[in-house]
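Colleague: whatever this is, show me its structure:
(one chain, ligands or ions: 1)
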Amino acid sequence: MENYQLGITDVLRRTPAGRVPFSVEFMPPRDDTAEQRLNRAAATFHDLGASFVSVTYGAGGSTRARTQRVAEQLAQKPLTTLVHLTLVEHTEDELRDILKAYAHAGLSNLLALRGDPPGDPLGEWTPVEGGLRYASELIELVRSIDECAHFDIGIASFPEGHYRASTLEEDTLHTVNKLRAGANYSITQMFFDPEYYLRLRDRIAALDPVQGEKPIIPGLMPITSLRSVRRQVELSGAHLPRELEERLEKAARGDEQANRDDIRKVGIEYSTAMAERLIAEGVPDLHFMTLNFARATQEVLHNLGMAPAWDAAHGQDVLR
Ligand SMILES: Cc1cc2nc3c(=O)[nH]c(=O)nc-3n(C[C@H](O)[C@H](O)[C@H](O)COP(=O)(O)OP(=O)(O)OC[C@H]3O[C@@H](n4cnc5c(N)ncnc54)[C@H](O)[C@@H]3O)c2cc1C
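Modeller: Residues are numbered from 1 along each chain as shown. Reported below is the predicted structural model:
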């Protein structure tokens, strides 16, 4: 089929020298209001020249259907669109059908994930009967489907190691095995200290220099609230540096609500400094986890000289 979207690795390869691309993650919206906000954020990032946008895959039935619908809509904007898929509560046959549906919708970019155990994200993982066990098996499944031969596959990688892996070395081996199985790049779990990213990059390159050539895209969460960053850290297993937490606490002065602007200022400054360090280290792209809000990401991009200043007259994103 001729109207497939470009693969993300091609998009990154075509970036003019000296320019650092950026991309954003969206979640499928829960209701009409959330969908309108997502559409506004998507329009903003389209205008700012995002290299690609991604759409996460939820745990529940209705949000799952929305992932594909939203991904198709974003692809038509047109934005290069990365659609996520997990193994959670799917048999292999169901996964095959979903993959074919993604292909028939003209999508080319897939983030192949295992997902977390339903109910208790940090609990023991057991696949459903007839399901798959690891993300690497999903990659093998994609590679066995003719309709999906054009897929450019990405995977998750973990700068601080996946919370269930017993050692960083074991975790690195599993990541490298996903790349060997046919994934072309990885996007990292969020992290708040660039050193974690750099050490992951070193570990992959040391274990397998060929796989180490594949892009490792850092996942960044712009910090706008102490409560929300603590929650994200809890869910992702990422480590919040004590020095950053202290700066945020100091800005909050015991009243997060009243001192929101000061917290945001510290958070956006910190995220900007992290991005600057990563750019200096030659990252292939900056991937922002937006929670469907454009403002915080645009502010970081503006500080980096990659976007105009956020225009309050837009009246958007009042919460972030
Ligand atoms: C960028 C990014 C996007 C994400 N998007 C989503 C999303 O949209 N929806 C969602 O539900 N979740 C999402 N997640 C979360 C992800 O699904 C969880 O972190 C999950 O626990 C691990 O998924 P994985 O694909 O890395 O699994 P896997 O690569 O299968 O690894 C899972 C665990 O098994 C181990 N392992 C892997 N292979 C083997 C093997 N052969 N033998 C023994 N152990 C092995 C790994 O070390 C790890 O501990 C995302 C994570 C990231 C970083």
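Colleague: and stretch 18-34, anywhere near the ligand?
Modeller: No. Using Cβ under 6 Å from any ligand atom, we find that stretch 18-34 stays clear of the ligand, coming within 7.2 Å at best. (Glycine included, C-beta is placed from N, CA and C.)
Colleague: which residues of the stretch 101-250 of the chain lie near the ligand?
Modeller: Proximity of the stretch 101-250 of the chain to the ligand, by Cβ under 6 Å from any ligand atom, involves residues 111, 113-116, 134-136, 156, 162, 164-165, 171, 174, 178, 187, 189, 219.
Colleague: can you select the buried ones from those residues in ChimeraX?
Modeller: Typed into ChimeraX, the next command selects the buried ones out of these (criterion: 16 or more other Cβ atoms under 10 Å):
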select :111,113,114,115,116,134,135,136,156,162,171,174,178,187,189,219
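Colleague: mind checking which of the residues of the stretch 101-250 of the chain next to the ligand land in strands?
Modeller: 111, 156, 187, 219 (DSSP state E).
Colleague: residue 103 contacts residue 148, correct?
Modeller: Yes. Contact criterion Cβ atoms under 8 Å: residue 103 and residue 148 qualify, at 5.1 Å.
Colleague: one step back: can you redo the ones in strands among the residues of the stretch 101-250 of the chain next to the ligand as JSON lines with distance to residue 280 and pLDDT?
Modeller: Shown next, in JSON lines, are those (distance: Cβ to Cβ, whole Å; pLDDT from 0 to 100):
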{"residue": "111", "distance to residue 280": "27", "pLDDT": "98"}
{"residue": "156", "distance to residue 280": "25", "pLDDT": "98"}
{"residue": "187", "distance to residue 280": "20", "pLDDT": "98"}
{"residue": "219", "distance to residue 280": "18", "pLDDT": "98"}
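Colleague: of those residues, which is the nearest to residue 41?
Modeller: Taking Cβ to Cβ as the measure, residue 41 lies nearest residue 219 of these, at 17.1 Å.
Colleague: who does the closest one bridge with?
Modeller: Bridge pairing for residue 219 (DSSP bridges) gives the partners residue 287.
Colleague: so where's this structure shaky on pLDDT?
Modeller: Applying pLDDT under 70 to the chain flags the ranges 1-2, 61, 312-320.
Colleague: now for residue 258, how many residues are close by?
Modeller: 10 (other Cβ atoms under 10 Å).
Colleague: how near is residue 298 to the ligand?
Modeller: From residue 298 over to the ligand the distance is 21 Å, taken as Cβ to the nearest ligand atom, to the nearest Å.
Colleague: just checking, that residue touches residue 304?
Modeller: No. Applying Cβ under 8 Å as the test, residue 298 and residue 304 come out as separate, 10.5 Å apart.
Colleague: ok, the two, which is more surrounded?
Modeller: Taking neighbours as other Cβ under 10 Å, residue 298 and residue 304 compare with residue 298 leading, 26 against 16.
Colleague: which of the helices or strands spans that one?
Modeller: Element membership for residue 298 (DSSP states H and E) is helix 295-303.
Colleague: run through who's touching that helix.
Modeller: 22, 24, 44-45, 48, 220, 222, 224, 264, 267-269, 271-272, 275, 288, 290, 307-310, 316-317, 320 (Cβ atoms under 8 Å, 6 or more residues apart in numbering).
Colleague: how close does the residue nearest to residue 29 when sequence neighbours are not counted get to residue 73?
Modeller: Spatially, and ignoring its direct neighbours in sequence, residue 29 is nearest to residue 35 (4.0 Å; Cβ to Cβ, 6 or more residues apart in numbering). Distance, residue 35 to residue 73, by Cβ to Cβ, to the nearest Å: 9 Å.
Colleague: could you do residue 65 as well?
Modeller: According to Cβ to Cβ, residue 65 and residue 73 sit 13 Å apart.
Colleague: in terms of neighbours, single out the busier of those two.
Modeller: Shown here are residue 65 and residue 73; by other Cβ under 10 Å, residue 73 has more neighbours (16 against 12).
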